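sharing a model prediction with you, sequence too.
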Amino acid sequence: MKRSTLYLLYPANKALEGAIADGLCLLNEQEAAAAMPGTQVAVADNFRYTRGNYEQHRYSTRIFERLCETLTSSLAASPCAKTQDDLGNILSALGQQRHDAAFFEQAIQCFSRALEGYPQEESPLEWAATQYNLGTANQALGRLIEETGPLKLAVDAYTNALLVWTREAHPEDWMQTMHQLGSTLYTYGIQLKGHRQLQKSVVAYKNALAVLNADDHALTLTATHNNRGITLHHLGESEANPDRLKEAINSYEKALTVSMEQQLPIHVSVLCRVNKATAQNVLAQMSNDAALAEEIADEFEVIMECFRHALQPLCLRHCQEQLKLAQAQTALSSQAAG
């Protein structure tokens, strides 16, 4: 069965925000002011939280190049593991922004050099944080170039971070790492076309959910439920297993509930709703359920009529295609019944 188009969500990258804040301290007042985003937004950003692990909201992305120059100069004058780590995060953000693997490769080199200055025995927390950053850069690189090598390195790096960031001692860091491990294993499984990595991804996301709560981590909780649903969804399709799809629908429903109750940007809720309806459509096709297909056709019509302003262009096209698919299933079942 052809794999459905689904929409992943990405939590905020606190390491990147910290790196930008550190770099701004090295700039003059005018340069630092340029890093502040505009306060007036003419059009809602319906791509927010969907671009990847290095998406930036708090600061302007126009500052990345200048920060790279400043941090590189600082390293030339005084080599420092923290500065290497900061530079790695800025380079990764540039790599994502420009879809350029070379920036990710430079970032990975920075994180590797930073680890040399953070021996695990002497600086365990810094070592774990840099392992996490190394994992995230490799994850993003593997997704960009669609190769499994960086993804395997990302899994190894996150596993290393978890040696220090235990659930008992560092629950929030442990949770974030589990979420990113789940995302990496999902991409790894999709590229390998294998079930084992996807099954591991489901477990990693479930581990993250054990620590998350809606009041403190609304976006991360929504993203984890949604992304776990996507993993279950694709497992259900590859296994032709309706029970997996029902699990996925339940995960999407939880993501939708949290996003609405916590008043996250409307397009986040809409994406969760689109994912849920897509899973229900697959289930209707798999089980030849005409009543469900008719219900889902109505759902996609509602989504496109009421939330068109919140849909990305490709997502709108996806909804149109799903509507036709549901309508065709309904018509086919009606003909068979007649």
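Nice, thanks for sending it over.

contacts, neighbours, all on C-alpha from now
Fine.

neighbours around A169, how many?
The number of residues packed near A169 is 10, by other CA atoms under 10 Å.

state the helix or strand in which it lies.
For A169, there is no helix or strand it lies in under DSSP states H and E.

what does the model give it for pLDDT?
Here, the pLDDT recorded for A169 equals 97.

pLDDT wise, what is R58 at?
Per-residue confidence for R58 comes out at a pLDDT of 87.

now for it: which residues touch it?
Neighbour list for R58: 17, 36-37 [criterion: CA atoms under 8 Å, 6 or more residues apart in numbering].

just the buried residues of the residues you listed.
E17 (16 or more other CA atoms under 10 Å).

can you get me a residue count around L125?
When neighbours are counted by other CA under 10 Å, L125 registers 17.

next up, the contacts around the nearest residue to it once chain neighbours are set aside.
Nearest in space to L125, with sequence neighbours left out and distances taken as CA to CA, 6 or more residues apart in numbering, is V164 at 6.9 Å. Residues near V164 by CA under 8 Å, 6+ apart: 124-125, 128.

how close does V164 get to E126?
For V164, the distance to E126 equals 10 Å [CA to CA, to the nearest Å].

what segments of the stretch 101-250 of the chain are helices?
101-116, 124-145, 148-164, 171-192, 195-209, 218-239, 242-261 (DSSP state H, counting those that start in this stretch).

need the winner for burial among these.
Of all the helices of the stretch 101-250 of the chain, helix 218-239 has the most neighbours on average by mean count of other CA atoms under 10 Å, namely a mean of 26.

which other helices and strands contact it?
helix 171-192, helix 195-209, helix 242-261, helix 266-287 (3 or more CA pairs under 8 Å, 6 or more residues apart in numbering; DSSP states H and E).

pull that helix out as PDB, backbone CA atoms only.
Output of helix 218-239 as PDB, limited to C-alpha atoms (Å, rounded to 0.1, in the frame of the first residue of the first chain):
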ATOM      1  CA  ALA A 218       1.700  22.000  25.300                       C
ATOM      2  CA  LEU A 219       3.400  22.100  22.000                       C
ATOM      3  CA  THR A 220       5.800  19.200  22.700                       C
ATOM      4  CA  LEU A 221       2.900  17.100  24.000                       C
ATOM      5  CA  THR A 222       0.900  17.800  20.900                       C
ATOM      6  CA  ALA A 223       3.800  17.000  18.700                       C
ATOM      7  CA  THR A 224       4.600  13.800  20.500                       C
ATOM      8  CA  HIS A 225       1.000  12.500  20.200                       C
ATOM      9  CA  ASN A 226       0.800  13.600  16.600                       C
ATOM     10  CA  ASN A 227       4.200  12.100  15.600                       C
ATOM     11  CA  ARG A 228       3.500   8.900  17.400                       C
ATOM     12  CA  GLY A 229       0.200   8.700  15.500                       C
ATOM     13  CA  ILE A 230       2.100   9.100  12.200                       C
ATOM     14  CA  THR A 231       4.500   6.300  13.100                       C
ATOM     15  CA  LEU A 232       1.500   4.000  14.100                       C
ATOM     16  CA  HIS A 233      -0.300   5.100  10.900                       C
ATOM     17  CA  HIS A 234       2.600   4.100   8.600                       C
ATOM     18  CA  LEU A 235       3.100   0.900  10.500                       C
ATOM     19  CA  GLY A 236      -0.600   0.100  10.000                       C
ATOM     20  CA  GLU A 237      -0.400   0.700   6.300                       C
ATOM     21  CA  SER A 238       2.800  -1.400   5.800                       C
ATOM     22  CA  GLU A 239       1.300  -4.200   7.900                       C
END
